[in-house]
Each structure stands twice: as structure tokens, then as C-alpha cells.
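>>> next input, structure requested:
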Amino acid sequence: MRNINAIIVDDELNSIHNLAMAIKEYAKTITVIGTSQTIVDGVKLWREHKPDLIFLDIEMHSGTGFDVYELAEGLGGKVVFYTAHKKYAIKALKMGALDYLLKPLDIDDLLSLEMRLAEEELDSNVSVKGDGDKIAFPIANGYRYLHSNEIIAVKADRSYSEVHVVNDILVISKNIGIVEEMLKGFEFYRCHKTYIINLSKVVEFSRKDGGFVLLTNSMEVPVSKEKKKGLLRKLNIK
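Residues are numbered from 1 along each chain as shown. As a prediction, the model looks like this:
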């Protein structure tokens, strides 16, 4: 497995030190390339280094890790929330985070995260097969093969993803970030933190309510402010 570059955004220096030292001592493939104690510097660090993995504290002096996540939308990378508070777990996973680690860090949780990253990379490496226009989605007992033009949209559901096709929804145990990697090279666009759309299935774009697209299956999919310009460019709308 390739080396994974990571950053840590946490307002507690001791917490940063503990996590960084645990990664250095126990993780074989994760390397911490930068740390930040503020939201503004955290977003800047994320933008400049384009890390593969981002560890985010949640409760910070100047806001929350969720604020960092929102401000960094579109910058790429997989997010792991690292916090002492269990109460945010559901919200974190709904936002599309890869994982949720509790303080104080359990080394077994860190190693499980590293193993999961390895498995997801393997899945993404074997996702495209056959004639070059099929994507293999992992299911319970193997893979479900779909042509790219069968897929209308993908919706995040915590650590799972809903793949919407005509008259069916395929639920797979991969988060939307992994599915986004699987769909690279095809005509898809992540128009929102929780949605990927097939550009050929767009029927209408509306600026109402902040912006949304209507798809061929009558789904109305929101378009985030940060993604709107890119989507309009993809749709050749000026």
C-alpha cells in the first residue's frame, strides 16, 4: 500500500502530540505532514498540502471541526474526526467522514483505521473491470457490475452509499469518498458533500433554494455553493 499523508487539526497541543506519536510508532503507512491548532490555519494547511487523510478535533476554541470540514469542501482527502465526545458520532458519519476516533486514542482503533484504508484502496483498484465502461460495486457475496450510464446518482448514508439506478437503489458498505474514486474517469460530478450525480442524467438546473439539479429519476439534488461554479462549467452553462 502507498504511503498516506495526513494532517491533524486540533486546538490542544498535547492531543496533537499524542496522536502524532501514536501514528509514528504504530502505523506503517500513515505519515503526519502537518498540524494546526486553529480553524483558519487548518483549512490553509489542508489547501496547501492536499493530504490524503485529515484528523479533525470537533470542539475547538474558535468553532468546530465541522466548520473546518465545511470550509474545506472540494479540497479532497478523507476525514477522521478525533474527539473526546461520543455525541457527535452520528453527525460526523452523516457528513461523510471516513471514521470517528475517541480520545484517549485506542491503538487498536488506529490500526483498524489503517487496515480499512488498505482495504478501500484495494477495492478502488479493482472497481473498474470488463469493457472499461463497467464499475464493480462490492456487495455481501461479491460484486455487482453496472455500466456507468445505468447510474443516476450516489447519495452518502453515513459510512455507506446509496447507488441510485433506474427503479432500484444499491446500498454498498463504502463511503461516498471511496465511490467518488471508483467513478473517476466517467462523467460524474460531486455536486454536494453527500451527493454525486451522473452529468448525463441532469434534466434541469435551478438556482432556487441555493441551487439544485433535477435528474431523470425525478430526484432533486442540492448543489453546494462551493460546487456550483464547477457544475455549471461541466454543464456548459454560462
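
>>> how about the secondary structure of residue 66?
helix (DSSP: H, G, I helix; E, B strand; the rest coil).

>>> mind checking how far it is from residue 88?
8 Å (Cβ to Cβ, to the nearest Å). Every C-beta, even on glycine, is put in place using the N, C-alpha and C of the backbone.

>>> same question, residue 26
For residue 26, the distance to residue 88 equals 25 Å [Cβ to Cβ].

>>> who's more crowded, the two?
Higher neighbour count among residue 26 and residue 88: residue 88, with 18 against 14, using other Cβ atoms under 10 Å.

>>> quick check, the more buried one in contact with residue 57.
No: if you go by Cβ atoms under 8 Å, residue 88 and residue 57 don't touch, sitting 10.5 Å apart.

>>> mutual contacts of these two, please.
When contacts are counted by Cβ atoms under 8 Å, 6 or more residues apart in numbering, residue 88 and residue 57 have residue 81 as shared neighbours.

>>> roughly how far does the residue at minimal distance from the centre of the chain sit from residue 27?
For the chain, the residue nearest the mean C-alpha position is residue 177 (3.4 Å; Cα atoms, centre = their mean). For residue 177, the distance to residue 27 equals 19 Å [Cβ to Cβ].

>>> cool, residue 168 as well?
39 Å.

>>> next: residue 173.
Distance from residue 173 to residue 27, counting by Cβ to Cβ: 23 Å.

>>> between the two, who's got more neighbours?
Taking neighbours as other Cβ under 10 Å, residue 173 and residue 27 compare with residue 27 leading, 18 against 13.

>>> just the pLDDT at that one, thanks.
Listed pLDDT for residue 27 reads 95.

>>> for this structure, which helix is longest?
When the chain is parsed with DSSP state H, its longest helix is helix 107-125.

>>> is residue 83 in a bridge, and if so with what?
Beta bridges link residue 83 to residue 102 when assigned by DSSP bridges.

>>> okay, now it: neighbour count?
Residue 83 has 23 neighbours, counted by other Cβ under 10 Å.

>>> pretty sure it sits against residue 65.
Yes: using Cβ under 8 Å, residue 83 is in contact with residue 65, at 7.3 Å.

>>> spit out the residues that contact these two alike.
By Cβ under 8 Å, 6+ apart, residue 83 and residue 65 have these common neighbours: 57-59.

>>> convert the C-alpha atoms of stretch 18-26 to PDB, please.
The C-alpha coordinates for stretch 18-26 follow below in PDB (Å, rounded to 0.1, in the frame of the first residue of the first chain):
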ATOM      1  CA  ASN A  18      -0.300  12.100  21.400                       C
ATOM      2  CA  LEU A  19      -1.900  11.200  18.100                       C
ATOM      3  CA  ALA A  20       1.200  12.100  16.100                       C
ATOM      4  CA  MET A  21       3.400   9.900  18.300                       C
ATOM      5  CA  ALA A  22       0.900   7.000  18.100                       C
ATOM      6  CA  ILE A  23       0.900   7.200  14.300                       C
ATOM      7  CA  LYS A  24       4.600   7.400  14.100                       C
ATOM      8  CA  GLU A  25       5.100   4.400  16.400                       C
ATOM      9  CA  TYR A  26       2.300   2.100  15.300                       C
END
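
>>> quick one: buried residues of it?
Within stretch 18-26, the residues scored as buried using 16 or more other Cβ atoms under 10 Å are 19-20, 22-23.

>>> now for these: which two are most distant?
The distance between the two most remote of the buried residues of stretch 18-26 (Cβ to Cβ) is 7.3 Å, for 20 and 22.

>>> in the chain, which helix or strand is least confident?
strand 128-129 (a mean of 48; mean pLDDT, DSSP states H and E).

>>> quick one: work out the angle between the next helix or strand after that strand and helix 107-125.
Downstream of strand 128-129, the first helix or strand assigned by DSSP states H and E is strand 134-139. Angle between the axes of strand 134-139 and helix 107-125 is 150 degrees (criterion: axes from the mean of the first three to the mean of the last three Cα atoms, to 10 degrees).
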